[in-house]
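Engineer: Fold the following.
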Amino acid sequence: MLLFVDSLTVIDFSYLCPRRGAVGESWITDIVLHGELNEESMVLDFAKVKKQIKRIIDEKLDHKLAVPSGLVCNAKHSEGRFGFDMQFDGNHLAMNAPEEAVCVVEGDEINAANAIAYLKSVIMPHMPENVKDLDITLRPEAATGFYYHYSHGLKKHDGNCQRIIHGHRSLIGVKLNDISMPRLQKQWADKWQDIYLGSEEDLIDPSLLKYVTAQDKDYAFAYTSSQGYFELAVSKSRCDILPCDTTVECIAEYLAGQIKLQNPHDKVEVRAYEGVGKGAIAYA
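Structural biologist: Reported below is the predicted structural model:
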């Protein structure tokens, strides 16, 4: 007997790529349970599927930085912290954070197949005996326009959004005078492809970094939030600094303001997404 749940959840996270650096991603998660009927004539109660399996996914991968085990040789583990320092495509990225902000996945790179194998390995031990196997599908949102991959951290957030490198794959919509503007959508999607969006108030002098070393052309960020102390050094060419927090509300407002500067006589509308099916709308 097969039991399926489509769109069980969306995994919003970033992964470390040896070619692209930190890549924000959003994967819609579908699952299929293979099993026998239990005493309730079910494979598993849908309420338990939605609660238990989603909870495990949220704890193990969602809002984390996924690091392939092939890159862990460059990582540093000590006193409940995880850190790394890497070069990619002529750029630099270094991070140090509490270890719960990171997930190590077997393989030389992060892809859907490796992530599925990892999730299956952490979910199946919690399934009842009548559940014999689990299929997982991880899929991006169908592209209906231009999108970008971004990473960020929200130090003021009480939950896991405070982790300094987590991210999303996000569509962007721009209208001038109520008319959709694909040219502007593509302009910002290209500008922010694989970007790190940093908040100006989190910038620090590189000499104040405690765990990582910034290079000459890096920005340095650090903050303390409820989960602990986070710091980051990233090439300026792969980072954009916002004069505000990097919540989706602030991103929408920032984009609307920037586009308004270029189009002062037009009514500007920006629809900024945070992953799949959610976001904020700003006008200028």
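Engineer: if you average pLDDT over the helix or strand hosting E25, what comes out?
Structural biologist: Of the helices and strands defined by DSSP states H and E, E25 is found in strand 21-35. Strand 21-35 carries an average pLDDT of 96.
Engineer: again, but for stretch 204-218
Structural biologist: Per-residue pLDDT over stretch 204-218 has a mean of 96.
Engineer: Can you say which helix or strand has Q187 in it?
Structural biologist: Here Q187 sits within helix 182-191, counting by DSSP H and E.
Engineer: Which strands border the strand holding E25, and is each parallel or antiparallel?
Structural biologist: Paired neighbours of strand 21-35 in the sheet (DSSP bridges): strand 2-17 (antiparallel), strand 131-139 (antiparallel).
Engineer: what residue of the chain is the furthest out?
Structural biologist: Most distant residue from the mean C-alpha position of the chain: E39, 39.8 Å away (CA atoms, centre = their mean).
Engineer: any idea of the pLDDT on it?
Structural biologist: Looking at E39, its pLDDT reads 84.
Engineer: so it sits in a strand?
Structural biologist: No: going by DSSP: H, G, I helix; E, B strand; the rest coil, the assignment for E39 is coil, not a strand.
Engineer: check contacts around it.
Structural biologist: Counting by CB atoms under 8 Å, 6 or more residues apart in numbering, E39 makes contact with nothing. C-beta: built from backbone N, CA, C; applies to glycine.
Engineer: rerun at 10 Å
Structural biologist: N130 (CB atoms under 10 Å, 6 or more residues apart in numbering).
Engineer: Please determine how far it is located from C250.
Structural biologist: Separation of E39 from C250 (CB to CB, to the nearest Å): 51 Å.
Engineer: Could you do A113 as well?
Structural biologist: For A113, the distance to C250 (CB to CB) stands at 35 Å.
Engineer: Neighbour count for those two, which is higher?
Structural biologist: Neighbour comparison, A113 and C250: the larger count goes to C250, with 19 against 10 (by other CB atoms under 10 Å).
Engineer: mind checking which helix or strand that one is in?
Structural biologist: Assigned by DSSP H and E, C250 belongs to helix 248-262.
Engineer: For the helix or strand following that helix, give the mean pLDDT please.
Structural biologist: For helix 248-262, the following helix or strand on the C-terminal side (DSSP H and E) is strand 268-273. For strand 268-273, mean pLDDT is 98.
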